[in-house]
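1. My questions concern the predicted model and sequence given below.
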2 protein chains.
Amino acid sequence: MLAVIRVLTTNDENLLNAHGRIITERFGIPTRSYCIPDQPKGIYNEETERIAVPKIVRLARQAESEGAKAIFISCAADPALKEVRAECQVPVIGAGSAAAAVALALGSNIGVLNLTETTPLALTSILGQRLVAEAKPEGVENTTDLMNPAGKEKAMKAAERLVQKGAEVIVLACTGYSTIGLAREIRRHLAVQVVDAVEAGGLMAWYALQK
Amino acid sequence: MLAVIRVLTTNDENLLNAHGRIITERFGIPTRSYCIPDQPKGIYNEETERIAVPKIVRLARQAESEGAKAIFISCAADPALKEVRAECQVPVIGAGSAAAAVALALGSNIGVLNLTETTPLALTSILGQRLVAEAKPEGVENTTDLMNPAGKEKAMKAAERLVQKGAEVIVLACTGYSTIGLAREIRRHLAVQVVDAVEAGGLMAWYALQK
């Protein structure tokens, strides 16, 4: 079983399991999803990331004691990745570094589609000089804004700008894009490779679980 | 179909298809293997890499014209990767960068098991400071030396040294290790994650072929 740690608080089972479901469908890996307490808005700045770290470590320990064979922290900022790796024995994968890594294997010029103004350090630290373009959908501030056709259209426009700037591979640097299935839409409309952060995490988890 | 480009010359169908077979077995992707002409000893220094580049580009073009949906250059040095990407429309994956990328997603401290004294630039340029240890099996000079129990034993000892030096993930930086199935042996005997270069290439090709 792969533990999927969601870094927001929810009682909605459908939302809680959204990323685990993508991984099970794509890779056939059974997953169990966990979410951190008392952060219904998730992680959106340094302070909310700081207070989430010990919660993520606690959930990871719990997941390991409940039989998780690998742990996936499903957020492109890779919160608590270092700390969880130090505490747990099983492989630990972060959505951000997994997505950056897959992109590096697929091409030399990488574009990052963010949700906010800045590319997470989890990605820049791996992409280095291969990061050739960054963009965000105009007027979209959070994942909720993506949940309608206008938001999706703006995300698609931002992806087009990345291709115009020379990106051969686009990394979706927010797992909110996974929930709306943006990767598939971009692949359909643009001649570019697309790396979805949840899919990349699942891909790496699948490999880590091989004997 | 995934084209697998072998960077040595052989008439032995079994040897030619060895890497493609691993990829088909692991990932269910149909493959077709191609090999470069007039280099029965493959690539083993700068000169033999230089003369292989145009041959690899030619094979990649041929593979694309024969319907390849992605191209895998099955050598950890990633020979001609840049040149083939510039010439072909389909995704192009190199064993070296794919293996380094998978390692980055699985852990923070990476050890590289080489066959020769130096780690290929294809790996160092991606691993950067996360490369914490390098080793080679003592007294083993080429892939033929690996094909007996003594060679395998020496490779296992070298892997142990990487773990002692703090590697959480070991990258097998020669596709010769794939042929002898070393990754599985190491996983069985040592508490470390192992990235096989042919498997990593297959994993990335599988993802690149997703819709």
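-> Received it, and whenever you're ready, just let me know what you need. Numbering: from 1, shown residues only, chains lettered A, B, ... in the order given.

2. How about the helix or strand of chain A with the lowest mean pLDDT, which residues are buried there?
-> Every helix and strand of chain A was ranked by mean pLDDT, DSSP states H and E. The lowest is helix A:143-146, at a mean of 81. Residues of helix A:143-146 classed as buried: A:143, A:145-146 (neighbour count, 16 or more other Cβ atoms under 10 Å in any protein chain shown). For the C-beta atoms, the positions are set from N, CA and C on the backbone; glycine is no exception.

3. average pLDDT across the strand or helix carrying A:Tyr34?
-> Using DSSP states H and E, A:Tyr34 maps to strand A:31-35. For strand A:31-35, the mean pLDDT works out to 98.

4. Please name every helix or strand in contact with that strand.
-> strand A:2-6, helix A:18-27, helix A:46-65 (3 or more Cβ pairs under 8 Å, 6 or more residues apart in numbering or on different chains; DSSP states H and E).

5. Just name the most buried of these.
-> Of the helices and strands packed on strand A:31-35, the one with the most neighbours on average (mean count of other Cβ atoms under 10 Å in any protein chain shown) is strand A:2-6, at a mean of 28.

6. what's the angle from it to helix A:46-65?
-> Strand A:2-6 runs at 160 degrees relative to helix A:46-65, counting by axes from the mean of the first three to the mean of the last three Cα atoms, to 10 degrees.

7. With only the CA atoms kept, save strand A:2-6 in CSV.
-> The C-alpha coordinates for strand A:2-6 follow below in CSV (Å, rounded to 0.1, in the frame of the first residue of the first chain):
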residue,chain,number,x,y,z
LEU,A,2,1.2,3.5,-0.9
ALA,A,3,0.3,6.2,1.6
VAL,A,4,-0.8,9.5,0.0
ILE,A,5,-0.4,12.5,2.3
ARG,A,6,-2.7,15.4,1.4
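
8. so how far is stretch A:189-204 off the chain centroid?
-> Mean-position distance between stretch A:189-204 and its chain equals 10 Å (Cα atoms, centre = their mean, to the nearest Å).

9. what does chain A put close to chain B?
-> For chain A, the residues in contact with chain B (Cβ under 8 Å from any Cβ of the partner chain) are A:26, A:82, A:85, A:91, A:93-94, A:97-98, A:100-102, A:104-108, A:126, A:128, A:168, A:184, A:187-188, A:193, A:195, A:199-200, A:203-204, A:206-208, A:210-211.

10. So which of those sit within helices?
-> A:26, A:82, A:85, A:97-98, A:100-102, A:104-106, A:126, A:184, A:187-188, A:199-200, A:203-204, A:206-208 (DSSP state H).

11. Provide a PyMOL selection command restricted to the buried entries of the residues of chain A next to chain B.
-> Burial among those is assessed by 16+ other Cβ under 10 Å; the matching PyMOL selection reads:
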select buried, chain A and resi 26+85+91+93+94+97+98+100+101+102+104+105+106+107+108+126+168+187+193+195+199+200+203+204+206+207+208
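
12. Does A:Thr175 touch A:Val198 like I think?
-> Yes: assessed by Cβ atoms under 8 Å, A:Thr175 is found in contact with A:Val198 at 5.4 Å.

13. what residues are shared contacts of those two?
-> Common neighbours of A:Thr175 and A:Val198, using Cβ atoms under 8 Å, 6 or more residues apart in numbering or on different chains, are A:19, A:74, A:95.

14. I'd like to know how many residues surround the nearest residue to the last one once chain neighbours are set aside.
-> Okay, so that is A:Ala95. Once flanking residues are discounted, A:Ala95 sits nearest to A:Ala197: 4.1 Å by Cβ to Cβ, 6 or more residues apart in numbering or on different chains. A:Ala197 is flanked by 31 other residues according to other Cβ atoms under 10 Å in any protein chain shown.

15. List of residues touching stretch A:94-101?
-> With Cβ under 8 Å, 6+ apart as the criterion, stretch A:94-101 contacts A:72-78, A:81, A:110, A:120, A:122-123, A:126-127, A:171-173, A:175, A:195-198, A:200-201, A:203-204, B:101-102, B:104-105.

16. How far does that stretch sit from its chain's centre?
-> Put simply, stretch A:94-101 sits 7 Å off its chain's centre (Cα atoms, centre = their mean).

17. likewise stretch A:117-128?
-> With Cα atoms, centre = their mean, you get 13 Å for stretch A:117-128.

18. gap between the two ends of it?
-> Terminal residues of stretch A:117-128 lie 18 Å apart, using Cα to Cα, to the nearest Å.

19. How about stretch A:160-179?
-> 20 Å.

20. before we move on, what about stretch A:40-52?
-> This stretch, stretch A:40-52, spans 12 Å end to end (Cα to Cα).

21. cool, and stretch A:161-174?
-> The separation between the terminal residues of stretch A:161-174, taken as Cα to Cα, is 17 Å.

22. and what of stretch A:138-157?
-> With Cα to Cα, one end of stretch A:138-157 sits 9 Å from the other.
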